[in-house]
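For reference, the sequence and a predicted model appear below.
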There are 2 protein chains.
Amino acid sequence: MPDTGQTDLAKAMTAAAAMVEQRLDELLSPALRAQEQARPARLLAAMRHAALAGGKRIRPFLLIETAGLFGVAPQRALQAGVALEMVHCYSLVHDDLPAMDDDDMRRGRPTVHRAFDEATAILAGDALLTLAFDVMADAATDADADIRIKLVAALAQAAGPGGMAGGQALDLAAETAAEPLDSAAIRQLQAMKTGALLAFAVTGGAILGRASPAQHAALARYGAALGAAFQIADDILDATGNAENLGKKAGKDAARNKATLVARYGLASARAMCQQQVEAALAALQQGGFGRDAARLASLASYVASRET
Amino acid sequence: MPDTGQTDLAKAMTAAAAMVEQRLDELLSPALRAQEQARPARLLAAMRHAALAGGKRIRPFLLIETAGLFGVAPQRALQAGVALEMVHCYSLVHDDLPAMDDDDMRRGRPTVHRAFDEATAILAGDALLTLAFDVMADAATDADADIRIKLVAALAQAAGPGGMAGGQALDLAAETAAEPLDSAAIRQLQAMKTGALLAFAVTGGAILGRASPAQHAALARYGAALGAAFQIADDILDATGNAENLGKKAGKDAARNKATLVARYGLASARAMCQQQVEAALAALQQGGFGRDAARLASLASYVASRET
């Protein structure tokens, strides 16, 4: 990938992240609507702690970029992207809980249950998840209710028991499993836990953009491959990175006996698998016939595989 | 209220509860759709433990009955009712967690975190909440996407940080507050924690039934009053009931210094306030001009105030 592509990508990601941060800040205000009860201050503070911690905002960026293939302006795709980001943030809050991964730090700051308390963290996660559907259902997402309901359904399916929540359940089960998971089981776990929401970022953009069935299918393949590459890269980072870069503890996967391809097959094989997924992502974009319009999505596939944080 | 009214009500509630149980059983199967990943067995078992514990199913009953005022058949309103019930069930699972109310028993059975484990209980709650929006967004709820998106938005608002999740946060804060809450603060807490979802049961039925704005407003007042009566009756039951009837420990509110009108004003005043809310509910039905069609909803208002479990 030429440097110009990565520079353009970095600029576009920074711009999108700033938009996301601002819209999240607006949506996480004391009360959105006149008829609503005010959100309790401590709960709202915990939701803001969870959602306004910065970060690359890869998921809304993907959604905005994919919708952009079809001429949807970033500001118009932002609402759906922010709903998606809220679901991602809720999942981090709950994954960090003592009963789950028991993490004290996230992005260089105390996790929500450390900065507040466990009950507040559970509720803040619940509230972010619920608010995500409120935000997605809002007319600001799209004027057409049919598009909005498709987005709600697709997001719920990506995040639900057959998606992210199910993947987290498989991940916890794997920690105490008698036998290590085989490659197929690890891939399925990762496709659910991380892949489903990343794939929704892409197919959500396709829904907003009124993609044709063939375009939607190509983008779904891109999203699935990108999600797989992202997760393998994450596992590689955990095995090789340092806490300072990550903003969280490295080496936790091995310590907790997490089911990862790195643990199962070693670093070299994991890197090769990651590269295969990047190539599959690029091939899907070609099959979709998006040409130069998809240059940023192509750069992003290389980026997620080689990122250092 | 004449006995015939209460007998008819009891029959209708039993019939609705059976429909709800059956539909929940169908929706909580290993996989709903061909393209979805299978739901992990232990997670699904925990979701089923939470959702298929029987119970009166008052919320879906209210939704079905309200939609019925406008000629919507019970089988057609069932899907929205089941989505609502899933949100209610998720809230019980999370409220029972050690970090929240720390309850071991619910409806005479171990709570989800006791029957399974804490991580699974958190995830099962998350998954039920997420699935609720998937179910509500489904075409089986209503053929019109505009109606479905209104239901999604209203449910999210009722359950979110300005509704149920916010009410639970206020409830936890009240336990450790230096000063006892005053009547207005207790009412606001209860309107959010319990009232919002009960009110949605009624307004959700009005949305499904394409109620006029005036009818919708009257039903919203009925729902708010019913919810208040329900919560005060619950607090009275906790103060006077026994564990056998309740299927959970009685006297927990006082032990945990919960903010209730019973604790603040005594039993006699609480009973009077409960009766006032029943009368407000009946007045709202009259103002809506529903006549004899609303006989069951009227009976229900008396029932929730005088129930013994």
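Great, that's in hand.

hey, let's count contacts and neighbours off CA atoms from now on
Fine.

Next secondary structure after the helix or strand bottoming out on mean pLDDT in chain A?
Lowest on mean pLDDT, DSSP states H and E among the helices and strands of chain A sits helix A:243-246, with a mean of 58. Once helix A:243-246 ends, the next helix or strand along the chain (criterion: DSSP states H and E) is helix A:252-255.

Run through the neighbouring helices and strands of that next one.
Counting contacts by 3 or more CA pairs under 8 Å, 6 or more residues apart in numbering or on different chains; DSSP states H and E, helix A:252-255 is packed against helix A:213-240.

which parts of the helix it packs on are buried?
A:215-239 (16 or more other CA atoms under 10 Å in any protein chain shown).

Nearest spatial neighbour of A:Ser306, chain-adjacent residues omitted?
In space, and not counting its chain neighbours, A:Ser306 is closest to A:Ala233: 7.1 Å by CA to CA, 6 or more residues apart in numbering or on different chains.

Test my guess that that neighbour contacts A:Met273.
No - between A:Ala233 and A:Met273 there is no contact under CA atoms under 8 Å: 9.7 Å.

quick one: the strands in the stretch 101-250 of chain A?
Here the stretch 101-250 of chain A has its strands, by DSSP state E, counting those that start in this stretch, at A:105-106, A:109-110.

what's next to whatever helix or strand A:Lys11 lives in, contact-wise?
For A:Lys11, the host element (DSSP H and E) is helix A:3-27. Residues outside helix A:3-27 that contact it (CA atoms under 8 Å, 6 or more residues apart in numbering or on different chains): A:48, A:51-52, A:54-58, A:60-61, A:74, A:78-79, A:81-82, A:295-296, A:299-300, A:303.

Could you pick out the buried ones from the residues you listed?
Buried members of these, counted by 16+ other CA under 10 Å: A:48, A:51-52, A:56-58, A:60-61, A:74, A:78-79, A:81-82, A:295-296, A:299-300, A:303.

Show me those that map onto helices.
Taking DSSP state H as the definition of helices, the buried ones among the contacts of helix A:3-27 contribute A:48, A:51, A:58, A:60-61, A:74, A:78-79, A:81-82, A:295-296, A:299-300, A:303.

follow-up on the earlier one: from the strands of the stretch 101-250 of chain A, which stretch is densest packed?
Of all these, strand A:105-106 has the most neighbours on average by mean count of other CA atoms under 10 Å in any protein chain shown, namely a mean of 18.

Who does that one pair with, and is each partner parallel or antiparallel?
Applying DSSP bridges to the sheet, strand A:105-106 is found paired with strand A:109-110 (antiparallel).

Stretch A:170-189 and chain B, are they touching?
Yes - Stretch A:170-189 reaches chain B (CA under 8 Å from any CA of the partner chain) through A:Leu170.

CA atoms only for that stretch, dumped as PDB, please.
Written as PDB, here are the backbone C-alpha positions of stretch A:170-189 (Å, rounded to 0.1, in the frame of the first residue of the first chain):
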ATOM      1  CA  LEU A 170     -17.900 -18.800  24.000                       C
ATOM      2  CA  ASP A 171     -14.700 -16.900  24.900                       C
ATOM      3  CA  LEU A 172     -15.400 -17.300  28.700                       C
ATOM      4  CA  ALA A 173     -16.200 -21.000  28.200                       C
ATOM      5  CA  ALA A 174     -13.000 -21.500  26.300                       C
ATOM      6  CA  GLU A 175     -10.900 -20.300  29.300                       C
ATOM      7  CA  THR A 176     -12.000 -23.200  31.400                       C
ATOM      8  CA  ALA A 177     -12.400 -25.800  28.600                       C
ATOM      9  CA  ALA A 178     -10.600 -29.100  29.100                       C
ATOM     10  CA  GLU A 179      -9.300 -29.200  25.500                       C
ATOM     11  CA  PRO A 180      -8.000 -26.200  23.600                       C
ATOM     12  CA  LEU A 181     -10.300 -25.100  20.800                       C
ATOM     13  CA  ASP A 182      -9.400 -26.000  17.300                       C
ATOM     14  CA  SER A 183      -8.900 -23.500  14.500                       C
ATOM     15  CA  ALA A 184     -12.500 -23.600  13.300                       C
ATOM     16  CA  ALA A 185     -13.900 -23.100  16.800                       C
ATOM     17  CA  ILE A 186     -11.500 -20.100  17.400                       C
ATOM     18  CA  ARG A 187     -12.600 -18.600  14.100                       C
ATOM     19  CA  GLN A 188     -16.200 -19.000  14.900                       C
ATOM     20  CA  LEU A 189     -15.700 -17.500  18.400                       C
END
